[in-house]
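Peer 1: The following comprises the amino acid sequence and a computationally predicted model.
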Amino acid sequence: MNSTIVALSTARGRSAIAVVRMSGPNAINIAKQFFAPFPTEPNYMRVGTLKTAHFDEHAMCVYFAGPRSYTGEDTVEFHCHGGTAVSQAVIEQCLRCGAVMAQNGEFSKRAFINGKQNLTNAEGIIEMIDAETASAAKAGANLLENKLGKRVIELQDKLLDLISACEATLDYPEEDLELPTTATVAQGLGEISKTLAGIIATSALGKVAKYGIDVAIVGAPNVGKSSLLNALLGADRAIVSGIEGTTRDVLTESAYFRDIKFNFIDTAGIRDTDNEIEAEGIKRAKAAADKADVILYVVDNPNDQSVFQTEIPLIKVYNKADLGAKTELLANEIAISAKSGDVEELKQRLYDMFNAGEIQTSDLLITNERHLSCLTQAKVQIDVALEETQRATLDIVTSAMRDAWATLGEITGTSAQESIIDRIYSKFCLGK
Ligand SMILES: Nc1nc2c(ncn2[C@@H]2O[C@H](COP(=O)(O)OP(=O)(O)OP(=O)(O)O)[C@@H](O)[C@H]2O)c(=O)[nH]1
Ligand SMILES: [Mg+2]
């Protein structure tokens, strides 16, 4: 039989109230030992006296009868006075009467085991708790609402149709069942592969919603990189001076533009130098540029023809436009004056470059590495099955389809291994 677990469900520290939650087969019996009058029916809160070893606490109690509770088990909540000492005394009282301390995320893990939520719901909760922007919270809420789960189950169903059609003919050849033609199987697999590709493609935008966009500002000394950083942040963050080689360290600071997080990275001016410290700064500048999502290559001469060699998307920024602006700009060029502080157009350009506006309208974004890896693997397995339809027998195709079905199941947890489940729930806070 399961143990009865207890934990503080609200944040630790000073607060108006604290909620202590207990879940498990003995939750109600334990609570009745020290809370009176105990509520006579579930879902109704009752005021009463909670006897702890040290003092009597005037508290409220509500119980939820399993399976109609968050965990699916009998659950009792005590709403007591806030602060560490009171909730600690209440928890100790529960422990004394037979409860055990809950692990991180154990309430939610029990909800999963009892079929109250699937893994993507749980991951949605974590993403919402961790979200820094509304976009990231929305992606978490979509997971919680099971949008990904539903799409995955649809795909699994389609796959199962194909698998069962193939298997029936393999297992019961004497039944004279109509053999699915290779073409029908291939067509079905092709559609699934295409759907998966579409879902996987949303991960680029998902990354933007969750982590933001890393923008590296690079260029020669004195072109105005630090001035640009300050203008983009709207704050006097980096030292600006007319002396070449002012910035040495890599400086990262985030700012929000239309609910998208931009991580702006100011770097040392790149040039040949014998100065050891400056050389190290330049090395770090290049490394920062290599890792960025986009590079702002800053120059300060309207006639500059130089090129910054990189595979990463790049905008060439003609700074100091107040001293003379380049007239004919190419598509990936922009003229600004960092000194004037007006960099709205550049911000908009960055925003558009990553289609960030689509985050508001899309109802499914992949923001979770684990989901992405399962989806990618499932697509590979589907594509293997698809390829095999051209040369192998149906049993080999079927086996690849089964693999893909199991991989998709890992997303919602229908075929997830114990270790994956443990890892997901361990990310929860205590009492969740
Ligand atoms: N006129 C004008 N001057 C600017 C503009 N932007 C920057 N400057 C000036 O250019 C000089 C260098 O600016 P910084 O922002 O320190 O240049 P940097 O690229 O960070 O230089 P390093 O850190 O040395 O690589 C300063 O004197 C700035 O005031 C601009 O838009 N117009
Ligand atoms: Mg600088």
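Peer 2: Nice, thanks for sending it over. Ligands and ions are numbered 1, 2, ... in the order given.
Peer 1: hey, let's count contacts and neighbours off CA atoms from now on
Peer 2: Will do.
Peer 1: in the helix or strand hosting residue 198, what's buried?
Peer 2: In this assignment (DSSP states H and E), residue 198 forms part of helix 182-201. Buried residues in helix 182-201, counted by 16 or more other C-alpha atoms under 10 Å: 182, 185-186, 188-190, 192-193, 196, 199-200.
Peer 1: Go ahead and confirm residue 143 touches residue 124.
Peer 2: Yes - the pair residue 143 and residue 124 passes the contact test of C-alpha atoms under 8 Å, sitting 4.5 Å apart.
Peer 1: picking up where we left off before, I'd like the average pLDDT over the helix holding residue 198.
Peer 2: Mean pLDDT, helix 182-201: 93.
Peer 1: Contacts for that helix next, please.
Peer 2: 155, 158-159, 162, 364-366, 372, 375-376, 379, 382-383, 385-386, 389-390 (C-alpha atoms under 8 Å, 6 or more residues apart in numbering).
Peer 1: Tell me the backbone dihedrals of residue 19, please.
Peer 2: phi -110, psi 120 (degrees, to the nearest 10).
Peer 1: swap in residue 392?
Peer 2: Main-chain torsions, residue 392, degrees, to the nearest 10: phi -90, psi 180.
Peer 1: gap between it and residue 186?
Peer 2: Counting by C-alpha to C-alpha, to the nearest Å, the gap from residue 392 to residue 186 is 12 Å.
Peer 1: do the same with residue 397
Peer 2: Distance check for residue 397 against residue 186: by C-alpha to C-alpha, it reads 10 Å.
Peer 1: which neighbours do the two share?
Peer 2: Counting by C-alpha under 8 Å, 6+ apart, the common neighbours of residue 397 and residue 186 are 386, 389.
Peer 1: in the chain, which spans are strands?
Peer 2: 5-8, 17-23, 35-36, 46-51, 56-64, 75-81, 100-101, 213-219, 251-257, 260-266, 294-299, 314-318, 333-335 (DSSP state E).
Peer 1: Please convert these to TSV, extending it with mean pLDDT and distance to residue 407.
Peer 2: Shown next, in TSV, are those (pLDDT from 0 to 100; distance: least, C-alpha to C-alpha, whole Å):
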stretch	mean pLDDT	distance to residue 407
strand 5-8	94	32
strand 17-23	96	32
strand 35-36	96	48
strand 46-51	97	47
strand 56-64	96	35
strand 75-81	97	34
strand 100-101	93	34
strand 213-219	97	30
strand 251-257	94	37
strand 260-266	95	32
strand 294-299	98	33
strand 314-318	97	37
strand 333-335	96	44
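Peer 1: could I have stretch 89-109 exported to CSV, CA atoms only?
Peer 2: In CSV, the C-alpha atoms belonging to stretch 89-109 read as follows (Å, rounded to 0.1, in the frame of the first residue of the first chain):
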residue,chain,number,x,y,z
ALA,A,89,4.6,22.1,13.9
VAL,A,90,1.6,21.0,11.7
ILE,A,91,3.9,18.9,9.5
GLU,A,92,5.5,17.3,12.6
GLN,A,93,2.1,16.5,13.9
CYS,A,94,1.2,14.7,10.7
LEU,A,95,4.6,12.8,10.8
ARG,A,96,4.0,11.8,14.4
CYS,A,97,0.6,10.3,13.4
GLY,A,98,2.0,8.2,10.6
ALA,A,99,2.6,10.4,7.5
VAL,A,100,6.0,10.6,5.8
MET,A,101,7.7,13.6,4.2
ALA,A,102,6.9,13.9,0.5
GLN,A,103,9.7,14.0,-2.1
ASN,A,104,9.9,16.9,-4.6
GLY,A,105,7.0,16.5,-7.0
GLU,A,106,5.6,13.4,-5.3
PHE,A,107,2.0,14.8,-5.2
SER,A,108,2.1,15.3,-9.0
LYS,A,109,3.9,12.0,-9.6
